[in-house]
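K.L.:
Fold the following.
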Amino acid sequence: MTLKQFKTIKLIFVVLIAVVTSQSIVLENYVLPIIVLAVSFPVLLYLRKRVKEVVADERDYITGGRSAMFAIQVYSCLAVIIMIVLYAKKDLNPSYEPIAATLAYSTCVLMLLYSLIFHYYDKFKMANKKVFYIVFIVIIVIIISIFSLRLLSGEDDWLCKNGEWVKHGNPSFPVPAIECK
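P.N.:
Below is the predicted model of the structure:
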């Protein structure tokens with residue numbers, strides 16, 4: 001496979017993922033985009049290995065590393081500033097507090113993940129990439145599982161029963177504004 005063919009296929013995958021994700025959100029099907037991403041990622045990795053030309057050289061990797069580091073720094077600074085402003089204004093609108101907490105935790109996770117990956121690259125020089133990818137995927141699956149168990153457990157939530165919203169536990173948010181079917 002040539003590099004041009006791979007780039008064309010990759011572009012088709014990006015458009016397909018965008019269409020599936022947007023339509024899934026409209027149809028309120030949130031599992032389908034995850035499945036499409038989970039299938040697309042290994043397929044694209046396999047196709048990239050089949051390319052016979054040079055996909056990237058050392059300069060591309062150096063530039064990518066520098067731009068990734070700069071993007072993380074810019075995101076972190078902006079997220080912290082926005083988080084502080086939202087925490088300061090939480091008395092005006094109570095919904096600012098969870099947004100600020102989400103920004104704070106996402107910034108911490110991003111910086112920790114960057115540090116772990118950087119130290120791994122620095123220490124092991126990527127001698128065995130398969131081990132790194134397996135460990136990385138396991139960590140991501142564990143994190144997603146923990147968040148899913150907490151967010152989707154049904155504890156402290158509003159349940160729809162017989163066309164009425166019924167309190168289950170002690171939800172920290174008001175009754176949903178959408179109709180209970």
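
K.L.:
can we go C-alpha only for contacts and neighbour counts from here?
P.N.:
Will do.

K.L.:
any weak-confidence spans in this protein?
P.N.:
Within the chain, the ranges that satisfy pLDDT under 70 run 124-129, 149-155.

K.L.:
mind redoing it with 90?
P.N.:
1-4, 25, 28-31, 45, 48-66, 68-69, 87, 89-97, 109, 111-181 (pLDDT under 90).

K.L.:
residues near Glu179, how many?
P.N.:
9 (other Cα atoms under 10 Å).

K.L.:
What spatial separation is found between it and Trp165?
P.N.:
According to Cα to Cα, to the nearest Å, Glu179 and Trp165 sit 9 Å apart.

K.L.:
quick one: the strands in this structure?
P.N.:
All strands of the chain, identified by DSSP state E, fall at 157-161, 164-168.

K.L.:
which helices and strands does the last one pack with?
P.N.:
To tie it back to what came earlier, the one meant is strand 164-168. On a contact count with 3 or more Cα pairs under 8 Å, 6 or more residues apart in numbering; DSSP states H and E, strand 164-168 meets strand 157-161.

K.L.:
Show me what the strand it packs on is packed against.
P.N.:
strand 164-168.

K.L.:
tilt between the strand it packs on and strand 157-161?
P.N.:
140 degrees (axes from the mean of the first three to the mean of the last three Cα atoms, to 10 degrees).

K.L.:
Only the buried residues of strand 164-168, if you could.
P.N.:
Neighbour counts using 16 or more other Cα atoms under 10 Å place Trp165, Lys167 of strand 164-168 among the buried residues.

K.L.:
List the neighbouring strands of that strand plus their orientation.
P.N.:
strand 157-161 (antiparallel) (DSSP bridges).

K.L.:
which of the residues in the strand it pairs with are buried?
P.N.:
Those would be Asp157, Trp158, Leu159, for strand 157-161 by 16+ other Cα under 10 Å.

K.L.:
Other residues contacting that strand?
P.N.:
Trp165, Val166, Lys167, His168, Gly169, Asn170, Pro171, Val175, Pro176, Cys180, Lys181 (Cα atoms under 8 Å, 6 or more residues apart in numbering).
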